[in-house]
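In: the sequence and its predicted three-dimensional model are supplied below.
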Amino acid sequence: MNKLTNCLINKDTSCNPIWFMRQAGRYLPEFRKIRSENPDFINLCLNSDLSSEITLQPINRFNLDAAIIFSDILMVPFGLGQNIKFEKDKGPILSSFNINNFKKNNVEEFSKKLDPVYEAIRKTRKNLDKKKSLICFVGSPWTLVVYMLGIKKEKNIIDTDILRKEKKTIISIINQIQKYLIIHIENQINAGADVVQIFDSWAGLIPQNDLLDYCYNPNLNLVNFCKQRKIPVICFPKGLKKNYYDFLKTVKPDGLNIDYDLDPMWCRKYLDGVCIQGGMNPKIMLLNDDEIFVEARKYLRAFKNFPYIFNLGHGLMPETNPDKIKKLINFVKEYK
């Protein structure tokens, strides 16, 4: 059993495994070279050779304890028939959601469409040190609905009128998406992934009264499937603030990624019985070495003798200097 899975399953506290969200990404010059030659992001994710190569780039550079497959949570909407474009400074743009077309999807075509993702996992697992975990991931049903239905009006505002008037329809769509997410998770596990992370990136936008229907229960169903497969699962319900407590008590994942809005000491006190991951603000990585180490030490001290995976409260920023990542990894590995 490797360090990451040992921490997640056995709640081992003898070391702090380390990896980073978006560790395969724009801050690496070798990634930028590939990206400049492959402007279509979805097609890049569907190129199993390049996807595997990108996944291994940070592993070849740094002493990380896990690789995370280079892909995107929006590969599932793509597999379900929506066209997706990524525009600079705008993010993803999805074609209009058509409920009738959505209902016509079938499992076989969905899996076939996303097979290059699974092939990338197979290739990566073959070339990855067995002592290192290979993480696969999905977006939560709610977060995918936000993108697929376009119900986010501005950066952190959703159309609450749609949530209120169309709740029955939205829950029906969530249930359907959930079915395909389970298939996507299973296919990734079968290809060689040994840890699953569920990104509920827009959980913080859900009204309090709707958290059970839109967040807790859908995540619980995915977590229960992973547990049936005996694969450790990490949840990241970003933006939930103190609702992390209720999320944990309801969903019961093996690991819980916290964001930088949460006080690590509050997490230590109230989020017990789970392996905590992350927390540090990615912007800290843009500061000088001493400032980075001060912030890292805050989390390492807070979770001393507690199952803790060092990561951030969001993905690495494009401006991050790779040398600072190397120094931080060494700092975490040597911390006593």
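Out: Good, I have the coordinates.

In: run a quick neighbour tally on Ile93.
Out: The number of residues packed near Ile93 is 12, by other Cβ atoms under 10 Å. C-betas here are computed from N, CA, C, even on glycine.

In: helices along the stretch 51-200 of the chain, start to end?
Out: 75-79, 99-103, 107-113, 115-127, 141-149, 160-165, 167-191 (DSSP state H, counting those that start in this stretch).

In: neighbouring contacts of the helix or strand containing Asn257?
Out: Using DSSP states H and E, Asn257 maps to strand 255-258. Residues outside strand 255-258 that contact it (Cβ atoms under 8 Å, 6 or more residues apart in numbering): 7-8, 197, 232-236, 244, 247-248, 264, 267, 271, 274-279, 309, 311, 313.

In: now do 6 Å
Out: For strand 255-258, contacts defined as Cβ atoms under 6 Å, 6 or more residues apart in numbering pick out Leu8, Ile234, Cys235, Phe236, Leu248, Cys267, Val274, Cys275, Ile276, Gln277, Gly278, Gly279.

In: make CSV from those residues and add pLDDT and distance to Ser140 to it.
Out: Output for the contacts of strand 255-258, formatted as CSV (pLDDT from 0 to 100; distance: Cβ to Cβ, whole Å):
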residue, pLDDT, distance to Ser140
Leu8, 98, 19
Ile234, 98, 12
Cys235, 98, 8
Phe236, 98, 9
Leu248, 98, 15
Cys267, 97, 20
Val274, 98, 17
Cys275, 98, 19
Ile276, 98, 19
Gln277, 98, 16
Gly278, 98, 16
Gly279, 98, 20
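
In: list the buried residues of stretch 149-162.
Out: Leu149, Ile151, Ile158 (16 or more other Cβ atoms under 10 Å).

In: tell me where the stretch 1-150 of the chain has strands.
Out: For the stretch 1-150 of the chain, applying DSSP state E, counting those that start in this stretch gives strands covering 66-68, 84-87, 91-94, 133-139.

In: with the stretch 151-300 of the chain instead?
Out: 152-154, 157-158, 195-199, 233-236, 255-258, 275-278.

In: now the shortest one: mean pLDDT?
Out: Going back to what we said before, that points to strand 157-158. What strand 157-158 shows for mean pLDDT is 78.

In: residues making contact with it?
Out: Contacts of strand 157-158 (Cβ under 6 Å, 6+ apart): Ile151, Lys152, Leu205.

In: lowest-pLDDT helix or strand in the protein?
Out: strand 152-154 (a mean of 72; mean pLDDT, DSSP states H and E).

In: and Ile162, what does it touch?
Out: Contacts of Ile162 (Cβ under 6 Å, 6+ apart): Ile151.

In: if I look at it, how far off is Arg268?
Out: Going from Ile162 to Arg268 by Cβ to Cβ, to the nearest Å gives 38 Å.
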